[in-house]
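S.K.: coords please:
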Amino acid sequence: MDDPIVLAAGLARRFEGLCLRPYVCPAGYWTIGYGSRWLANGAAVCGCTAPVTAAEADSLLLAALRALQPEIRKSVHVSLTAGQEAALLDFAFNLGLSALAGSTLLRLLNAGQGAVARNQLLLWNHMHKDGQLITSPGLTRRRHAEWLVWAGQPVP
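M.R.: Have a look, this model is predicted:
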């Protein structure tokens with residue numbers, strides 16, 4: 001059986017990219033490594049955060065995903081495949097638990113409509129830019145990859 005954390009980490013690494021110095025992500029947050037907003041000691045990443053190594057970046061990513069996993073499991077009231085859990089982990093890592101918590105995706109999943117819920121992933125591909133809500137090609141690719149992983153399919 002595939003480990004959902006390993007699957008989700010693969011998605012996050014692919015779409016976040018690796019930056020060893022702090023940077024402001026498109027959502028306006030200071031991040032480091034593979035999009036981590038928090039350091040191992042619990043401190044928030046800021047512009048003065050020291051660079052990390054690739055191994056430290058990987059540890060931060062895995063710690064963030066491990067922290068999300070029990071929260072997702074509390075929110076989901078149906079059995080999940082490893083792929084479904086991995087897709088939800090990456091979704092929550094990227095957009096936050098609050099996005100998942102109030103979503104039609106979660107409502108449909110908990111109603112036993114997993115196939116319909118899966119399609120909801122594809123709707124979360126917008127971002128704000130200059131005060132406008134726009135379709136993001138990067139988020140479109142990421143949501144499609146989550147959609148594939150959800151179904152146990154390989155991501156090209």
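S.K.: C-alpha only now, for contacts and for neighbours.
M.R.: Will do.
S.K.: burial count for Glu85?
M.R.: Neighbourhood size, Glu85 [other Cα atoms under 10 Å]: 24.
S.K.: touching, Val52 and Tyr34? I think so.
M.R.: No. Counting by Cα atoms under 8 Å, Val52 does not reach Tyr34; the two are 10.7 Å apart.
S.K.: more neighbours: these two, which one.
M.R.: Taking other Cα under 10 Å, Val52 and Tyr34 do not tie; Tyr34 has more neighbours (23 against 17).
S.K.: am I right that that one is in contact with Ala9?
M.R.: No. Using Cα under 8 Å as the test, Tyr34 is too far from Ala9 to be in contact (9.3 Å).
S.K.: give me the common contacts of the two.
M.R.: Common contacts of Tyr34 and Ala9 (Cα atoms under 8 Å, 6 or more residues apart in numbering): Leu61.
S.K.: mind listing what's buried in the biggest strand by length in the chain?
M.R.: In the chain, assigned by DSSP state E, the strand with the most residues is strand 19-24. For strand 19-24, burial by neighbour count (16 or more other Cα atoms under 10 Å) applies to Cys19, Leu20, Pro22, Tyr23.
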